[in-house]
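Asks: Give me a model of this one.
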Amino acid sequence: MSELPDLFPGFASHRIDTGAGPIFARTGGEGPPLLLLHGFPQTHAMWHRLAPLLARHFSLVLMDLRGYGASAAPEADGEHRTYSKRAMAGDAVAVMTAFGHERFRLAGHDRGGRVGYRLALDHPARVERLALIDIVPTFEMWAGMDAARAMSTYHWMFLAQPDGLPEKLIGAAPLAFLDHTLANWTATRTLTAFDERALAHYRHAFAQPARIHAACEDYRAGAGIDRADDAADREAGRKILCPLLALWGVAGFPAKGRSALEVWREWAVDVTGAPVAGGHFLPEENPQATGEALLAFLQA
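Replies: Okay, here's the model as predicted:
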């Protein structure tokens, strides 16, 4: 990490030992604990524009999910449980416990949001408030996978393909794939929303074959075990008990389907939310509006 730009001056760096191996995290700020979880194809660096604002009100913990950034990329298993959101949520619980945070607020974007809502379902006593950015539940994504959604979220099918096929194809031009993905999920369909220093973090991580493989395993889990875990909760009538905020980009993925608020109100007991101008990467495309919405919710 030392060769990469420091996007979090004054924050401490940590490696927390877990069953998956060491998880990388940064800490900074003062106040009640707030865990920030990134998504694909990024790292904790995606929070760099919001961290200064949030750190004035919260003790922040920003971690790289297993397989991403500077965290361990454990060997996958045949059922893809190693990269299930349940396993990643376990990592997050271990990290917060290591810092002495038994209860905490949580904000997650993309895959980090999926880890976040799984954590709230599996460990309801740990999460005080949950903010999710530009997602609906994995179960709902697959249930609504019509032609339009399949075209806009083709990566869900592509990255989940077996036998190392996506790893081979992405590995031939990993940075071209990364830059294309980042650009095309913004409202402007360009890289202009991203700080070059943050892009350096994303490119450094995604150039590593082990992390390309881990990302594919993340999506293989999403196509199988994560969907099954969601279905089991749905069947059992389990819901997220803490207050939940859903934010989504006007040009983001949830905006293209059934109302995100309608969806989340079937999965949680106390849901608020709103669209935000931008695409999928709201913390970088529109940090001001995203930050204001997060603060208003997380401080309530």
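Asks: which element is the closest residue to Asp230 other than its chain neighbours on?
Replies: Using Cβ to Cβ, 6 or more residues apart in numbering and skipping residues adjacent in sequence, the residue nearest Asp230 is Phe139, 3.5 Å away. Every C-beta, even on glycine, is put in place using the N, C-alpha and C of the backbone. Element membership of Phe139 [criterion: DSSP states H and E] is helix 138-143.
Asks: Give the other helices and strands that that helix contacts.
Replies: Contacts defined by 3 or more Cβ pairs under 8 Å, 6 or more residues apart in numbering; DSSP states H and E place helix 138-143 against helix 225-236.
Asks: Give me the contacts around the helix it packs on.
Replies: The contact list for helix 225-236 (Cβ atoms under 8 Å, 6 or more residues apart in numbering) reads 79-81, 84-86, 114, 118, 121, 137-139, 142.
Asks: out of those, who has the most neighbours?
Replies: Greatest neighbour count in the contacts of helix 225-236, by other Cβ atoms under 10 Å, goes to Arg114: 30 neighbours.
Asks: correct me, but that one touches Val136?
Replies: No - counting by Cβ atoms under 8 Å, Arg114 does not reach Val136; the two are 9.9 Å apart.
Asks: so can I have JSON lines of the contacts of helix 225-236 showing distance to Arg258 and pLDDT?
Replies: Shown next, in JSON lines, are the contacts of helix 225-236 (distance: Cβ to Cβ, whole Å; pLDDT from 0 to 100):
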{"residue": "Glu79", "distance to Arg258": "30", "pLDDT": "94"}
{"residue": "His80", "distance to Arg258": "27", "pLDDT": "97"}
{"residue": "Arg81", "distance to Arg258": "29", "pLDDT": "97"}
{"residue": "Ser84", "distance to Arg258": "25", "pLDDT": "98"}
{"residue": "Lys85", "distance to Arg258": "21", "pLDDT": "98"}
{"residue": "Arg86", "distance to Arg258": "25", "pLDDT": "98"}
{"residue": "Arg114", "distance to Arg258": "18", "pLDDT": "98"}
{"residue": "Arg118", "distance to Arg258": "21", "pLDDT": "98"}
{"residue": "Leu121", "distance to Arg258": "21", "pLDDT": "98"}
{"residue": "Pro137", "distance to Arg258": "12", "pLDDT": "98"}
{"residue": "Thr138", "distance to Arg258": "15", "pLDDT": "98"}
{"residue": "Phe139", "distance to Arg258": "13", "pLDDT": "98"}
{"residue": "Trp142", "distance to Arg258": "13", "pLDDT": "96"}
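Asks: so where is this protein shaky, pLDDT-wise?
Replies: 1-2 (pLDDT under 70).
Asks: hey, where'd the helices end up in it?
Replies: Applying DSSP state H to the chain gives helices spanning 51-55, 85-98, 111-122, 138-143, 147-152, 154-158, 165-171, 174-184, 196-206, 209-223, 225-236, 260-264, 282-285, 287-298.
Asks: Next, format these as JSON lines and append distance to Glu30.
Replies: Output for the helices of the chain, formatted as JSON lines (distance: least, Cβ to Cβ, whole Å):
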{"stretch": "helix 51-55", "distance to Glu30": "7"}
{"stretch": "helix 85-98", "distance to Glu30": "17"}
{"stretch": "helix 111-122", "distance to Glu30": "23"}
{"stretch": "helix 138-143", "distance to Glu30": "35"}
{"stretch": "helix 147-152", "distance to Glu30": "40"}
{"stretch": "helix 154-158", "distance to Glu30": "38"}
{"stretch": "helix 165-171", "distance to Glu30": "41"}
{"stretch": "helix 174-184", "distance to Glu30": "32"}
{"stretch": "helix 196-206", "distance to Glu30": "24"}
{"stretch": "helix 209-223", "distance to Glu30": "32"}
{"stretch": "helix 225-236", "distance to Glu30": "35"}
{"stretch": "helix 260-264", "distance to Glu30": "31"}
{"stretch": "helix 282-285", "distance to Glu30": "21"}
{"stretch": "helix 287-298", "distance to Glu30": "14"}
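Asks: closest one to Leu245 among those?
Replies: helix 287-298 (4.2 Å; Cβ to Cβ).
Asks: just checking, what packs against the closest one?
Replies: Short answer (3+ Cβ pairs under 8 Å, 6+ apart): helix 287-298 packs on helix 51-55, strand 104-109, strand 127-133, strand 244-249, strand 271-276, helix 282-285.
Asks: what's the closest of those to Leu34?
Replies: Proximity to Leu34 (Cβ to Cβ) singles out strand 104-109 among those, at 4.6 Å.
Asks: May I have the closest one as PDB, with CA atoms only?
Replies: C-alpha atoms of strand 104-109 as PDB (Å, rounded to 0.1, in the frame of the first residue of the first chain):
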ATOM      1  CA  PHE A 104     -22.300   0.100  15.000                       C
ATOM      2  CA  ARG A 105     -23.800   1.900  12.100                       C
ATOM      3  CA  LEU A 106     -23.000   0.600   8.600                       C
ATOM      4  CA  ALA A 107     -23.000   2.100   5.100                       C
ATOM      5  CA  GLY A 108     -22.300  -0.100   2.100                       C
ATOM      6  CA  HIS A 109     -22.100   0.400  -1.600                       C
END
